[in-house]
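K.L.:
how would this look folded up:
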Amino acid sequence: MQVTTKAIVLSSLKYGDSSLIVKAFTASDGLKSYLLKGALASKKGKLKPAYFQPLSQLELEANHKNKGTLESIQEVKVNYHYQTLHTDSSKNAMTLFLAEVLGNSVREEEQNEGLFEFLEASLQWFDSHLAISNFHVYFLIRLTKYFGFFPDTNAMGANYFDLLEGAFTNTPSLNPHLTGENLSFFKSFLGINFDEVQSIKMNKTNRQELLKSLVLYYELHLQGFRKPKSLAVLNEVFS
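P.N.:
Model prediction:
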């Protein structure tokens, strides 16, 4: 089936000597994997590797067989031109981290308009703003809404947040939980919007601790989720 769809690149891997396998989240059909034969060999080809950088926003003309096999792309063009996302070193480190998180967590091979619009809008916000040191923390929290484990905020005054139950409580169990400063910062991110993320004043240690807890939260709630290898690079850049 021929489709024209917007897509966000999650990863691209070299396949054989000259081909690429690109994993992308599409507006029309959710997660798709494409085989780009000879993309690395031909300088005159339409499907240039530069299009398929992590989190690039594209418009694809593709053939979707929807049989769980690798799909093909006929035409590609940039749907949104990033100004800083791939060129600013701090943003690039964060981009690689977020792409790895999304590659680990987005599984559905069906349309999810809400998730696609969230990714599209938040990445454009990220590209166009300078103060972004808290962006990834807020992004990860907001992203849980689309995966079904957004924190239950009913008892936000409580002294603990149970990471396994996804709820606030005054009686800690043996489950991993947030408390103290980590909990305070976590609460601060709930109920704000992207324009307010930099109003939360965290030092690098606070941010790294909360990020570590959020990665654990994902591991507890998403089967097969792996701790991103790029987390160490991200922490290094922001230290």
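K.L.:
mind listing what L115 touches?
P.N.:
L115 makes contact with 25, 106, 146 under the criterion C-beta atoms under 8 Å, 6 or more residues apart in numbering. Using the backbone N, CA and C atoms, a C-beta is placed for each residue, glycine as well.
K.L.:
sorry, that was for V197
P.N.:
V197 touches 134-135, 137-138, 189, counting by C-beta under 8 Å, 6+ apart.
K.L.:
and those residues, which two are furthest apart?
P.N.:
F135 and F189 (10.9 Å; C-beta to C-beta).
K.L.:
now do the contacts for L216.
P.N.:
Counted by C-beta under 8 Å, 6+ apart, L216 has contacts 163, 176.
K.L.:
ok so it is a helix residue?
P.N.:
Yes - assessed by DSSP: H, G, I helix; E, B strand; the rest coil, L216 belongs to a helix.
K.L.:
let's have the chain start at 38 instead
P.N.:
Sure, I'll start counting at 38 from here, so that last one is L253.
K.L.:
okay, it: pLDDT?
P.N.:
You'll see L253 listed with a pLDDT of 97.
K.L.:
could you measure from it over to A136?
P.N.:
Per C-beta to C-beta, to the nearest Å, L253 is found 20 Å from A136.
K.L.:
tell me, please, the helix or strand in this protein that averages the lowest pLDDT.
P.N.:
helix 268-274 (a mean of 83; mean pLDDT, DSSP states H and E).
K.L.:
helices along this protein, start to end?
P.N.:
Taking DSSP state H to define them, one finds helices in the chain at 126-142, 150-165, 172-184, 217-226, 241-258, 268-274.
K.L.:
only alpha carbons, please: show the shortest one as PDB.
P.N.:
What that stands for is helix 268-274. Provided in PDB are the C-alpha atoms of helix 268-274 (Å, rounded to 0.1, in the frame of the first residue of the first chain):
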ATOM      1  CA  LEU A 268      22.800   8.000  29.500                       C
ATOM      2  CA  ALA A 269      26.500   8.100  30.500                       C
ATOM      3  CA  VAL A 270      27.400  10.400  27.600                       C
ATOM      4  CA  LEU A 271      24.500  12.700  28.500                       C
ATOM      5  CA  ASN A 272      25.600  12.900  32.100                       C
ATOM      6  CA  GLU A 273      29.100  13.700  31.000                       C
ATOM      7  CA  VAL A 274      28.000  16.500  28.700                       C
END
